[in-house]
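# this is a predicted model, with the sequence first.
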Amino acid sequence: MAGAGSSDAEAELRRGFKALAVTRPDPAAAVYEVRLSRPAQLNALSPDSFAEIPRAMALLDRIPAARAVVLSAAGPHFCAGIELGGPGNPLTAPPARGADPAAMAEELRRAILGMQAALTAVELCRKPVIAAVHGACVGGGVELVAACDIRCCSKDATFVLKEVDMAIVADLGALQRLPRIVGYGNAADLALTGRRITAAEAKEMGLVTRVFDSKQELDAGVAKIAKEISEKSANAVMGTKAVLLRSRDITVEQGLEHVATWNSGMLRSDDLMEAIKAFMEKRKPVFSKL
Ligand SMILES: CC/C=C\C=C\CC(=O)SCCNC(=O)CCNC(=O)[C@H](O)C(C)(C)COP(=O)(O)OP(=O)(O)OC[C@H]1O[C@@H](n2cnc3c(N)ncnc32)[C@H](O)[C@@H]1OP(=O)(O)O
């Protein structure tokens, strides 16, 4: 899947970001890390964050050497939610005097849809994205990790959907994605009470799948998971993500139909032949680089 534009994508990644750092920490692993990098602002999501998250995800989608992506954060907390009071926040900008209420509503609607699309970009990236959460993960931060494929955290992590206490309805995906991750009851409990939960409770309800003792162990543990995934058949991994996400939103019957069609096109691959040959030869398969 190298295709047209993969070296352009690498060059654009190297041009850098303001709110993120995107790196390939281990040249021996086909894993990229997207780090929220506004530690002084506790990684509160700013207009730059909302512009750059989809840009990074779209670029990584095109880079063959990115076969898995880690989403982490710098500083003491993973994310303090949406930036409150920051410049250019369309949610709190005062309306222009005499502005048409319908026009203002439409402008706000478009701003919300734009921010939603920024987080949905994590799902649209065909490569699996693994969230590594430490410290506080608040509001929009929870909505961001809900769009990831796998969530892990360190023991000190906490999660809270603060929106209800800010007098708003969470609108960046929590109410749509969380019930499918933790079940309706747990999602309603979090969203309606706005209570902060610990890593242990997040694990118990399935919000995260693994808890590590420290941030250092989290980073190492998530890097290991990502490397393991990156060494599998890229077509199988991307297909699994695509089918899982599609199946989440349709009936079992429709999902089975979808995966049958998918595999009728994708199953007969060089990677399948290599997997069978490697099994027979009792060795580790070496899959195509794409
Ligand atoms: C208009 C809103 C529309 C939409 C909302 C969408 C979804 C959301 O994200 S709702 C949640 C929004 N965020 C918050 O409510 C703030 C959450 N912050 C916290 O709970 C805590 O700060 C913390 C992340 C748990 C960290 O706690 P602690 O380590 O004790 O640090 P603090 O002393 O609380 O904070 C240090 C410093 O940072 C400022 N700050 C914290 N969060 C934000 C933020 N989201 N935006 C801007 N600034 C933030 C905090 O005010 C402190 O500033 P000082 O100037 O040092 O007082």
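Sure, I can see it.

# please list the residues of this structure that sit near the ligand.
42, 44, 77, 80-85, 91-92, 136, 138-140, 162-163, 166, 168 (Cβ under 6 Å from any ligand atom). From N, CA and C alone the C-beta is placed, and that goes for glycine too.

# can you say which of those residues are buried?
With neighbours counted using 16 or more other Cβ atoms under 10 Å, those contain these buried positions: 42, 44, 77, 80-83, 136, 138-140, 162-163.

# what's Leu13 in contact with, if anything?
When contacts are counted by Cβ atoms under 8 Å, 6 or more residues apart in numbering, Leu13 touches 22, 56, 59-60, 63.

# point out where the stretch 101-250 of the chain drops to low pLDDT.
Along the stretch 101-250 of the chain, segments meeting pLDDT under 70 are nowhere present.

# for it, which residue gets nearest to the ligand?
Gly139 (2.4 Å; Cβ to the nearest ligand atom).

# quick check: of the buried ones among the residues of the chain next to the ligand, which lies closest to Glu33?
Of all those, Glu33 sits closest to His77, with 17.5 Å by Cβ to Cβ.

# quick one, phi/psi of that closest one?
Per-residue torsions, His77: phi -130, psi 150 (degrees, to the nearest 10).

# separation between it and Pro27?
29 Å (Cβ to Cβ, to the nearest Å).

# now Gly75, what's its secondary structure?
coil (DSSP: H, G, I helix; E, B strand; the rest coil).

# residues contacting it?
Per Cβ under 8 Å, 6+ apart, neighbours of Gly75: 38-40, 42-43, 135.

# which of these count as buried?
Of the contacts of Gly75, these count as buried by 16+ other Cβ under 10 Å: 38, 42-43, 135.

# which one of those sits closest to Cys148?
Using Cβ to Cβ as the measure, the one of the buried ones among the contacts of Gly75 that approaches Cys148 most closely is Asn43, at 14.9 Å.

# so which residues of the stretch 1-150 of the chain form helices?
Assigned by DSSP state H, counting those that start in this stretch, the helices in the stretch 1-150 of the chain fall at 6-15, 47-62, 101-124, 140-146.

# so what's the residue count around the residue nearest to Phe50 when sequence neighbours are not counted?
Closest residue to Phe50 apart from its sequence neighbours, by Cβ to Cβ, 6 or more residues apart in numbering: Ala118 at 4.3 Å. Neighbour count for Ala118, taken as other Cβ atoms under 10 Å: 23.

# where do the strands sit along the protein?
Using DSSP state E, the strands of the chain run over 20-23, 31-36, 68-73, 129-133, 136-138, 150-154, 158-160, 197-198, 210-212.
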